[in-house]
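> Predicted model and sequence follow; I will ask about them next.
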Amino acid sequence: MPHYDLIVIGSGPAGETGAVEAASLGRRVALIEARPRLGGAGVNTGTLPSKTLRESALYLSGLEQRGLYGVDYRVEGRITVEQFLYRKERVVQKQLELIEQTLERHAVDLLNGWGALAGPHEVKVVKAGGSTLVLTADYVLLATGSHPYRPENVPFDDTRVYDSDTILELKKIPASLTIVGAGAIGSEYACLFAALGVEVVLIDANALPVAYLDDEVVELLTRRMKRLGIEFLMQEPAETYEVVGDRVRTRLKSGQLVETEALLFASGRGGNTADLGLEALGIQVDRRGHVQVNEHFQTAVPHIYAAGDLIGFPALASTSMEQGRIAVCHAFQPEGCADLAPVLPYGLYTIPEVSMAGETEEGLREKGVPYEVGRASYANNARGQIVGDTEGMIKLLFSPEDRKLLGVHIIGEDATELVHIGQMALYFEGTLDCFVRQVFNYPTLSVAYKHAAYDGLRRLRRRAECPVPTGVETPAARDTQTSGT
């Protein structure tokens, strides 16, 4: 039985990063992948494909160019699936090549087959032809990812019904689409299909889409999505699904019927833990198949680690990479291993983009933490005018006592890039003064940080002149068009 220092099961962001980290430390590593292609959902069905499709939708629809140069640009004729998927296929292929090169460069042994725990230190690999191989290791990292949640009452066997993985296999762009689930995945797909001219109905049992975002930002996002033509049916649980002729009929709890050409069910994902041999070793999973781990990503069996979508929220490619790295560091160099960063960015690739780091207003109020707000609008930013985004906003939450930054929220062009400035300020416990004193390139959207800080300082002065109850904003605080200059 070949012996390794580390065996990794799964080659997604967590698995690849963990394998490379261990190899960089001079350890002998085997990486097992059951699918024909490496990269997991992050490369093949989730993160990269959906974000690439968003850019394709923006380009093919001409959405970002409309009105920018005084002309109403539109693509002639109907956009084909081949046009829509062209760029996605090339981005995915390039990433697969890079993963293969990285694993080869670090001398990671790659095994294609189904990997499962056969004992505390044993992993059995069942290859495509049915042959088996048993490996042993000092440590094991489980990084098998997740799969879309598929309720039994949804007719996924019909070609008009998709989940968040199979939507990438669509044969034609539908004229109308029902999306069940207004979380990150559902909202992102709603925007990109609406940009292509598809009639989209977004259904969710919750009152607001993407509930973990700041409520004010959700309000602005919802407004923009409605202008794309998306119809929202919130607080409307879907109960039954039926394919009738060439339509998919969704019946809501209220009795309302929604009929469209296709259906995308995007209401959650579950961990890929079936047949991994976890129960025999005393490793428990929750009802969604997520493995329980400690702060070092150890399972109930200390030398077996788990990372990525397999352990649940936040289930982001970015955090999965860090989880895989930290797990391996703890296994082989525990004395020099740092914990996961306390401040994580969240990015939503809707149209427009949304991103955040740190606290929301709602979270601060629940905790009873005093706060003040500073805002800056893209409308009053030269770069915002240049790129044609006059509705974006940067919002800073900070402590009125010492002006320490508590949270940053951005909606608009490059939100997922810009958030990292605020993220670093949060990590180093910076104050509004760090934005006021910095020199930003001009014209850039980053300058809005400075204007938002000025706006926050002005609100502090108003608060000193006319005190308000702790944690309550001044009446002017909802003016999202303030430039902060």
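That came in fine, so what should we check first? Numbers count the residues shown, from 1 in each chain.
> hey, what's Val29 bridged with?
Judged by DSSP bridges, the bridge partners of Val29 are Leu6.
> Would you confirm that it contacts Val8?
Yes - at 6.7 Å, Val29 counts as touching Val8 under the criterion of Cβ atoms under 8 Å. C-beta here means a position set from N, CA and C on the backbone, and glycine is covered the same way.
> what is in contact with these two at once?
Ala19, Ala22 (Cβ atoms under 8 Å, 6 or more residues apart in numbering).
> So these two - more neighbours on which side?
When Val29 and Val8 are compared for neighbours, Val8 comes out ahead with 34 against 27, by other Cβ atoms under 10 Å.
> Is the more buried one in a helix, a strand, or coil?
Recorded secondary structure, Val8: strand (DSSP: H, G, I helix; E, B strand; the rest coil).
> how about the helices of the chain, start to end?
13-24, 40-44, 47-61, 81-105, 184-195, 215-227, 317-332, 361-367, 382-387, 415-427, 432-437, 447-465 (DSSP state H).
> what angle sits between the longest strand anywhere in the chain and helix 317-332?
Criterion DSSP state E: the longest strand present in the chain is strand 132-142. Calculated by axes from the mean of the first three to the mean of the last three Cα atoms, to 10 degrees, strand 132-142 forms an angle of 100 degrees with helix 317-332.
> List the buried residues of strand 132-142.
Neighbour-count burial for strand 132-142, counted by 16 or more other Cβ atoms under 10 Å, picks out Leu133, Leu135, Thr136, Ala137, Tyr139, Val140, Leu141, Leu142.
> now what about that strand, what contacts it?
1-10, 14-15, 18-19, 30, 111, 113, 117-118, 121-127, 276, 291, 299, 303-307, 310, 324, 327-328, 331-332.
> likewise stretch 412-420?
345, 347-349, 352-357, 378, 384, 387, 389, 391-394, 408, 410, 445-446, 448-449.
> so who does the spatially most central residue of the chain touch?
The residue lying closest to the centre of the chain (Cα atoms, centre = their mean) is Leu316, at 5.0 Å. Contacts for Leu316 (Cβ under 8 Å, 6+ apart) come out as Leu344, Tyr346, Gly347.
> got it, and Leu344?
Leu344 neighbours (Cβ under 8 Å, 6+ apart): Pro314, Leu316, Ser318, Thr319, Ala357.
> Could you save these as JSON lines and add columns showing distance to Ala175 and pLDDT?
Listed next are the contacts of Leu344 as JSON lines, based on distance: Cβ to Cβ, whole Å; pLDDT from 0 to 100:
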{"residue": "Pro314", "distance to Ala175": "35", "pLDDT": "85"}
{"residue": "Leu316", "distance to Ala175": "33", "pLDDT": "85"}
{"residue": "Ser318", "distance to Ala175": "35", "pLDDT": "89"}
{"residue": "Thr319", "distance to Ala175": "37", "pLDDT": "91"}
{"residue": "Ala357", "distance to Ala175": "39", "pLDDT": "97"}
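> Among those residues, name the buried ones.
Leu316, Thr319, Ala357.
> can I get the residues you listed in TSV with distance to Glu239?
Below are these laid out as TSV (distance: Cβ to Cβ, whole Å):
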residue	distance to Glu239
Leu316	31
Thr319	34
Ala357	37
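> which one of those is nearest Gln284?
Thr319 (22.1 Å; Cβ to Cβ).
> Leaving out chain neighbours, which residue sits closest to the closest one?
Spatial nearest neighbour of Thr319, excluding adjacent residues (Cβ to Cβ, 6 or more residues apart in numbering): Leu344 at 6.0 Å.
> do the same with Gly456
Gly456 sits nearest to Gly374 (Cβ to Cβ, 6+ apart), 2.5 Å away.
> Now for the one you found: which residues touch it?
Lys395, Leu396, Phe398, Leu432, Ala452, Ala453, Tyr454, Asp455, Gly456, Leu457, Arg459, Gly484.
> Thr350 now?
So Thr350 contacts Ser187, Glu188, Ala190, Cys191, Leu221, Met225 (Cβ under 8 Å, 6+ apart).
> Equivalent analysis for Ser11, please.
Per Cβ under 8 Å, 6+ apart, neighbours of Ser11: Ala19, Leu31, Glu33, Leu38, Gly39, Gly40, Ile99, Ala143.
> tell me the pLDDT at the closest residue to Asp5 other than its chain neighbours?
Spatial nearest neighbour of Asp5, chain neighbours left out: Arg27 (3.8 Å); criterion: Cβ to Cβ, 6+ apart. Turning to Arg27, the model gives it a pLDDT of 96.
> before we move on, the earlier item: closest to Thr260 among the contacts of Gly374?
Nearest to Thr260 among the contacts of Gly374, with distances taken as Cβ to Cβ, is Lys395, at 34.8 Å.
> Look up how far Arg37 lies from Glu335.
37 Å (Cβ to Cβ, to the nearest Å).
> For those two, indicate the residue with more neighbours.
Neighbour tally, Glu335 and Arg37, criterion other Cβ under 10 Å: the higher count belongs to Arg37, 15 against 6.
> per-residue confidence for the residue nearest to Thr319?
91.
> Pro400 now?
95.
> how about it, phi and psi?
With angles defined as degrees, to the nearest 10, Pro400 sits at phi -70, psi -20.
> Around the nearest residue to it once chain neighbours are set aside, how many other residues sit close by?
Distances taken as Cβ to Cβ, 6+ apart place Glu372 nearest to Pro400, at 4.6 Å, with adjacent residues excluded. As a burial measure, Glu372 scores 26 neighbours (other Cβ under 10 Å).
> What's opposite Glu372 in the beta bridge?
Phe398.
> Begin at 644, not 1, for the rest of this chat.
Yep, numbering from 644; the last one is Glu1015 now.
> Next one: it from Leu1075, what distance?
For Glu1015, the distance to Leu1075 - Cβ to Cβ - is 9 Å.
> what's the overlap in contacts for these two?
Phe1041, Gly1099.
> who's in contact with the closest residue to Asp808 other than its chain neighbours?
Spatial nearest neighbour of Asp808, chain neighbours left out: Thr688 (4.3 Å); criterion: Cβ to Cβ, 6+ apart. Applying Cβ under 8 Å, 6+ apart to Thr688 gives the contacts Ser807, Asp808, Leu811.
> Repeat that for Gly913.
Ser789, His790, Pro791, Tyr792, Arg931, Gly932, His933.
> ok, now Leu845?
Per Cβ under 8 Å, 6+ apart, neighbours of Leu845: Ile822, Ala825, Gly829, Ser830, Ala833, Pro852, Met868, Ile873, Glu874, Phe875, Leu876.
> and these as JSON lines, adding pLDDT, neighbour count and distance to Leu924?
As requested, these are exported to JSON lines (pLDDT from 0 to 100; neighbours: other Cβ atoms under 10 Å; distance: Cβ to Cβ, whole Å):
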{"residue": "Ile822", "pLDDT": "97", "neighbour count": "28", "distance to Leu924": "39"}
{"residue": "Ala825", "pLDDT": "94", "neighbour count": "26", "distance to Leu924": "38"}
{"residue": "Gly829", "pLDDT": "94", "neighbour count": "24", "distance to Leu924": "35"}
{"residue": "Ser830", "pLDDT": "95", "neighbour count": "27", "distance to Leu924": "38"}
{"residue": "Ala833", "pLDDT": "95", "neighbour count": "29", "distance to Leu924": "41"}
{"residue": "Pro852", "pLDDT": "93", "neighbour count": "24", "distance to Leu924": "39"}
{"residue": "Met868", "pLDDT": "95", "neighbour count": "23", "distance to Leu924": "45"}
{"residue": "Ile873", "pLDDT": "96", "neighbour count": "24", "distance to Leu924": "46"}
{"residue": "Glu874", "pLDDT": "97", "neighbour count": "15", "distance to Leu924": "48"}
{"residue": "Phe875", "pLDDT": "97", "neighbour count": "18", "distance to Leu924": "45"}
{"residue": "Leu876", "pLDDT": "96", "neighbour count": "20", "distance to Leu924": "44"}
